[in-house]
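A.B. asks: A structural model of the following input is requested.
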Amino acid sequence: MLLLPLKKRIILSLLVLLICLPLFITDKYPLHLLIMVGIWSIAASSLNLILGYTGQASLGHAAFFGIGAYASALLMIKIGFSFWLALPAASLIAALFGFLIGLPALRTRGSYFAIATLGFNIIVTIIIEHWDDFTQGGAGISGIPKPDSIPLPFIGKIDFTTLSGQYYLVFFFLFLTLFFINRIVNSPVGKTYMAIRGGELLAESLGVNPMWNKLVSFSASAFFAGLSGALYGSYQGFISPDTSNFHIGFDLLIFLLVGGVATIPGPIIGAIIMTIIPEALQFLLEYRIIFYGSFLIVVVIFLPRGLVGLWRSSIWPMVRGKDKERPSSF
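C.D. replies: Got it, this is the predicted structure:
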């Protein structure tokens, strides 16, 4: 393992740690928090694709999160789909909504696009809340089925009704999400997105069609947001209009700002920090919001590139320098 580059050694160590964690955590609540971190990481990564890499500030991603959750739940309960069919179908439905909304919304720029997506989010929440015959309205949908167990070679069946099973399920899809987003942003398509982020006029001068590329990016982003929503609904077993509340979209934005926009690990770091800090500050009671807000202010002002930016600019060069001093083999 010492022969591997330092970055690969770190990634491999983290993967081993993630796989082994449920074996050592006996308390249910920490495992629940880790599952939620995984779900929020997928959702924040979806926003990162359109905001961080394509430069389009969407404030409506909670709508796609809610659409994925409701589509998956309704497909399983009303039509009888299994989770394994409902999950991709719900993600595609969210992507379709992203495409349809993106057609008019992406013709606007800057704050106008942000307001358009926020308006769409509010409309989706209102429809969910008042379409009683279809979405059960404010009462929400309960009894959402868990995934059927699946047999794996050398392991046996994985029971997804348990917390450890849900943990592995969520982190499997988190890994897939990060894998595909990483492939996208490091491909020629990703370079096109970043050219659009740098300026649409400049991108057009290079022969890029900004509208079409923004639409594809927005639809892919909605797909992953819908995926996270479907996982959330199945895990919680209950969803309500709050599942699509625009506050969730702002939370995802905070995850990105804290972790680091336009970085692959940024959404995960942000989700970990912003999920665990409120829990760690429970003992402060009503004062915890003051510390929570102060932390956000410090990060936004002094760490504009987030914690990943701090790592890359200050900490990683020192760690890499020390690693180069070590002999590569015995």
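A.B. asks: tell me how far the longest helix along the chain is from the chain's mean position?
C.D. replies: What stands out as the longest helix in the chain, according to DSSP state H, is helix 210-236. Its chain's C-alpha centre and that of helix 210-236 lie 9 Å apart, by CA atoms, centre = their mean, to the nearest Å.
A.B. asks: next one: stretch 189-208
C.D. replies: From the chain centre to the centre of stretch 189-208 is a distance of 24 Å (CA atoms, centre = their mean).
A.B. asks: same deal with stretch 292-306?
C.D. replies: Relative to the mean C-alpha coordinate of its chain, stretch 292-306 is positioned 20 Å out (CA atoms, centre = their mean).
A.B. asks: same question, stretch 133-153
C.D. replies: Averaging C-alpha positions (CA atoms, centre = their mean) puts stretch 133-153 20 Å from its chain's average.
A.B. asks: Residues in contact with that stretch: which ones?
C.D. replies: By CB atoms under 8 Å, 6 or more residues apart in numbering, the residues outside stretch 133-153 that reach it are 70, 72-74, 76-77, 82-84, 127-131, 157-161, 165-166, 169, 233-234, 236-241. C-beta here means a position set from N, CA and C on the backbone, and glycine is covered the same way.
A.B. asks: try stretch 67-80
C.D. replies: Contacts of stretch 67-80 (CB under 8 Å, 6+ apart): 81-83, 85-87, 89-91, 93-94, 97, 124, 128, 134-135, 141, 143-145, 225-230, 232-234, 239, 243-244.
A.B. asks: Okay, now it: how far is its last residue from its first?
C.D. replies: End-to-end distance for stretch 67-80: 18 Å, by CA to CA, to the nearest Å.
A.B. asks: Please apply the same query to stretch 72-88.
C.D. replies: Stretch 72-88 has its terminal residues 9 Å apart, counting by CA to CA.
A.B. asks: Sort out which residues of that stretch are buried, please.
C.D. replies: 72, 73, 74, 75, 76, 77, 81, 83, 86, 87 (16 or more other CB atoms under 10 Å).
A.B. asks: what mean pLDDT would you report for it?
C.D. replies: For stretch 72-88, mean pLDDT is 97.
A.B. asks: Could you verify that residue 151 is part of a strand?
C.D. replies: Yes. Applying DSSP: H, G, I helix; E, B strand; the rest coil, one finds residue 151 inside a strand.
A.B. asks: Near it, how many other residues are there?
C.D. replies: 8 (other CB atoms under 10 Å).
A.B. asks: Then residue 127?
C.D. replies: So residue 127, with other CB under 10 Å, has 16 neighbours.
A.B. asks: Show me the strands in the protein, by range?
C.D. replies: With DSSP state E, the ranges of strands along the chain come out as 141-142, 150-152, 156-158, 238-239.
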